[in-house]
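J.: Predicted structure and sequence below. I'll ask about it afterward.
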Amino acid sequence: MPETTRQEGRIAFLGLGHMGGPMAVNLVKAGYTVTGYDVVPAALEAARAHGIDTVETAAEAVAGAAVVLTMLPSGKHLLDAYRGTPDQPGLLATAAPGTMFLDCSTINVDEAREAAALAVAAGHRAVDAPVSGGVVGAEAGTLTFMVGALAEDFDAVNPMLEVMGKRVVHCGEHGAGQAAKICNNMILGVSMIAVSEAFVLGEKLGLTHQALFDVASAASGQCWALTTNCPVPGPVPTSPANRDYQPGFAGALMAKDLKLALNALESSGVAARLGPLASEIYDSFAAEGGAGRDFSGIITDIRDKSDHQPKGQA
Ligand code: NAD
């Protein structure tokens, strides 16, 4: 690819959904030239309404771009798009040599490594940079990026990531961004269940929510699930529990991320017990009406499934 195109830095942004749409808007506002593409016409229309130039095919977006930024639902979507089909060349074949393939989707660690290997084998550069911070963070430009990249590629994408986020952490080489994301979210999923079980137990034992919060938040039970995203209304007025568990971080996304953690636990042979159990718990929560609720709504599930009579009493 001519160096001039790279310096112009045109970004092909593929996947203009809940996260990708506002992230692309922030890049445009910061002066980047962005060409957007999504397979769903409504997403293209919404992006145009927010000032993003769009095209009708991925090939148009990618040809001549310096960066191909993807924000897609899954690793399968990403790998299929990279590879293409017998009838349609994939993104890797369409892009000019040396293009930066920057994937911000949340996908399996193994898929991230495979995607990077394919990109590099096709003569490109590759970075995985999944995010936390949700739609609110995407709109405000305050996401956290967890980055897996070679040092020189990290330096190349960092200014772009700083436009869309407030914290950018270089976690290691290809796949390390995804690894950091799922390890963190496994802690979060497990700790939210622990905090929720403790509140329900406290209720059974006659403790007020505030009393348990006042003790645990200043003691060894302190954690983000308790002090920021408290699963009961009251102690932390901004937590989703105060607005009937409107997300926040939706149960479906927690279930998805724990499945990715489970896959990584299995493929790396870790003797974990709580991670797989948390994955099972959030799967049923999502399947039983929790998919669109904040993941802290798991407490209502625990409460509903708890005995109303203490064991041993008639
Ligand atoms: P979304 O479903 O709203 O957006 C994904 C978009 O990708 C859709 O508009 C879809 O049409 C499009 N798409 C699918 N295949 C495509 C292709 N081949 N080419 C172009 N576009 C294609 O999902 P989202 O909520 O924006 O999440 C995107 C990613 O970010 C996911 O991996 C998710 O796990 C991760 N994530 C989401 C959140 C959140 O709060 N929503 C938070 C952190 C991370």
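T.: Structure received. Residues are numbered from 1 along each chain as shown.

J.: Quick one: residues contacting the residue nearest to Gly134 when sequence neighbours are not counted.
T.: Once flanking residues are discounted, Gly134 sits nearest to Phe249: 5.9 Å by CB to CB, 6 or more residues apart in numbering. Every residue, glycine included, has its C-beta placed from N, CA and C. The contact partners of Phe249, taken as CB atoms under 8 Å, 6 or more residues apart in numbering, are 134, 229, 294-295.

J.: could you redo those as a markdown table and give each row pLDDT?
T.: As requested, the contacts of Phe249 are arranged in a markdown table below (pLDDT from 0 to 100):
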| residue | pLDDT |
| --- | --- |
| Gly134 | 89 |
| Asn229 | 97 |
| Asp294 | 97 |
| Phe295 | 98 |
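
J.: filter the residues you listed to the buried ones?
T.: Buried members of those, counted by 16 or more other CB atoms under 10 Å: 134, 229, 294-295.

J.: Check whether Thr144 sits in a helix, strand or coil.
T.: Using DSSP: H, G, I helix; E, B strand; the rest coil, the three-state assignment for Thr144 comes out as strand.

J.: That one touches Ala129, doesn't it?
T.: No - distance between Thr144 and Ala129: 10.1 Å, which falls outside the contact criterion (CB atoms under 8 Å).

J.: Where does pLDDT dip in the stretch 101-250 of the chain?
T.: Nowhere does the stretch 101-250 of the chain drop to pLDDT under 70.

J.: so where do the strands sit in it?
T.: 125-128, 131-132, 143-148, 165-172 (DSSP state E, counting those that start in this stretch).

J.: In CSV: the contacts of Phe249, plus distance to Ala122.
T.: Formatted as CSV, those follow (distance: CB to CB, whole Å):
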residue, distance to Ala122
Gly134, 32
Asn229, 41
Asp294, 40
Phe295, 37
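
J.: and the chain, what are its domains?
T.: Following automatic domain parsing, the chain resolves into domains at 11-172, 180-305.

J.: For Ala219, which residues are in contact?
T.: Ala219 neighbours (CB under 8 Å, 6+ apart): none.

J.: Check the gap between it and Leu212 for me.
T.: 10 Å (CB to CB, to the nearest Å).

J.: Tell me the residue of this structure that sits nearest the ligand?
T.: Gly17 (1.8 Å; CB to the nearest ligand atom).

J.: and that residue, what helix or strand is that in?
T.: Using DSSP states H and E, Gly17 maps to neither a helix nor a strand.

J.: Name all residues that make contact with Asp257.
T.: Applying CB under 8 Å, 6+ apart, the residues near Asp257 are 106, 181-182, 185-186, 189.

J.: er, Leu44 I mean
T.: So, once contact is read as CB under 8 Å, 6+ apart, Leu44 ends up touching 16, 36-38, 54, 56.

J.: Narrow those residues to those in strands?
T.: 36-37, 54 (DSSP state E).

J.: Now for the residues you listed, which sits with the most neighbours around it?
T.: Gly36 (28 neighbours; other CB atoms under 10 Å).
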